[in-house]
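1. no sequence for this one, just the structure:
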């Protein structure tokens, strides 16, 4: 049986990835930073401080994975402005500890380093859809840390022959995502208002930005296919390949609610730097794996709204 280790497996994406791998017959171990993840469909779970290099090395030796999915990260661009040192420590130092541990193993695993479309930064209409050859221009601390993660992964692949490949994943959404992220936040606010809590006003930031939104269940399917079929050393965009305005996504959410809700702009929700357009060219991913998105965005929005209706 193939063995998979998911660092950060208790998080939003990790839970879906673990379930997907289990359905496909993998033995799955997941880690959490403060406690062993609970409620995850896996064979084993463990606590791992990715900033403890010795602990990372011990876990890899014990689990002896064939595939390692690196999802452990400080993944909020907004939080990265408030906690830049934490973001750099987790996303860069943590990755170095992982790669150092892997290179010392007798049989290193194949490693998927999950990055972000935030690495591209602000792009022009002429540069879209964005190809992997596009030079990164990170516009926040989180994005800069992910560019560095990718560069370090490439160095270890070239210097030590590690089997590393990377993604630049565009906006993924779905039920269970934290309210730090825009679509989940809108769904949570809507669910609260449906319960009659407060005036019927939803507070928003920049609605004009256009993003490439993909259901998390489609995203993890792409990760599994890349682990099986992706090219060593390559970088892959993971996204739907379509740009949708945040305003359009909000309208979709409100159309699914029985309550009349007014929209109010809250300037505190704006980022210091926010790219107006972000959409992927996914030809490399599709040609390598045959992947295409399967879940319509309206279904994703409905599932996310229902999640918050049940869990507030």
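-> Ah, there it is. Being a predicted model, the structure only gives us computed values, none of them experimental.
2. quick one: residue 28 is in a helix?
-> No - according to DSSP: H, G, I helix; E, B strand; the rest coil, the state of residue 28 is strand, so it is not within a helix.
3. Number the chain from 358, please
-> With the count now opening at 358, the last piece we talked about shows up as residue 385.
4. Quick check: closest non-adjacent residue to it.
-> Nearest residue to residue 385, sequence neighbours excluded (C-beta to C-beta, 6 or more residues apart in numbering): residue 399, at 4.4 Å. C-beta here means a position set from N, CA and C on the backbone, and glycine is covered the same way.
5. cool, and residue 571?
-> residue 597 (4.5 Å).
6. State the number of residues packed around residue 462.
-> Neighbours of residue 462 under the rule other C-beta atoms under 10 Å: 14.
7. Check which helix or strand it maps to.
-> For residue 462, there is no host helix or strand (DSSP states H and E).
8. so where does the residue lying closest to it once chain neighbours are set aside fall, helix or strand?
-> Spatial nearest neighbour of residue 462, chain neighbours left out: residue 417 (6.2 Å); criterion: C-beta to C-beta, 6+ apart. Residue 417 is located in helix 410-420, with elements delineated by DSSP H and E.
9. And residue 511, by the same measure?
-> Residue 511 belongs to helix 498-517, assigned by DSSP H and E.
10. For that helix, give me every contacting residue.
-> Helix 498-517 is contacted from outside by 430-434, 436-438, 441, 444-445, 448-449, 452-453, 456, 459-460, 468, 470, 472-473, 475-476, 478, 493, 495, 519-521, 523, 525, 589-590, 592, using C-beta atoms under 8 Å, 6 or more residues apart in numbering.
11. List the ones among those that fall in helices.
-> Within the contacts of helix 498-517, membership in helices is found for 434, 436, 437, 438, 441, 444, 445, 452, 453, 456, 459, 460, as judged by DSSP state H.
12. can I get the residues you listed in TSV with pLDDT?
-> Shown next, in TSV, are those (pLDDT from 0 to 100):
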residue	pLDDT
434	83
436	88
437	94
438	92
441	96
444	97
445	97
452	98
453	98
456	98
459	98
460	97
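13. from the residues you listed, which two are the most distant?
-> Taking C-beta to C-beta, the two most distant members of the ones in helices among the contacts of helix 498-517 are 438 and 460; they sit 33.0 Å apart.
14. what sits against residue 615?
-> The contact partners of residue 615, by C-beta under 8 Å, 6+ apart, come to residue 551.
15. what's the spacing between it and residue 377?
-> Distance of residue 615 to residue 377, given as C-beta to C-beta, to the nearest Å: 33 Å.
16. Same check on residue 551?
-> Distance from residue 551 to residue 377, by C-beta to C-beta: 31 Å.
17. next one: residue 622
-> Applying C-beta to C-beta, the value for residue 622 to residue 377 is 38 Å.
18. between those two, which one's more packed in?
-> For residue 622 and residue 377, the more surrounded residue by other C-beta under 10 Å is residue 377, and the numbers stand at 18 against 11.
19. Not counting sequence-adjacent ones, nearest residue to that one?
-> residue 577 (4.9 Å).
20. Same question for residue 386.
-> The nearest residue in space to residue 386 (C-beta to C-beta, 6+ apart) is residue 401, at 4.3 Å.
21. residues in contact with that neighbour?
-> By C-beta under 8 Å, 6+ apart, the contact set of residue 401 is 385, 386, 387, 420.
22. Those residues, buried ones only, as a ChimeraX selection?
-> Those of those that count as buried under 16 or more other C-beta atoms under 10 Å are selected in ChimeraX with:
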select :385,386,387,420
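23. Count the residues that sit near residue 431.
-> If you count neighbours by other C-beta under 10 Å, residue 431 ends up with 19.
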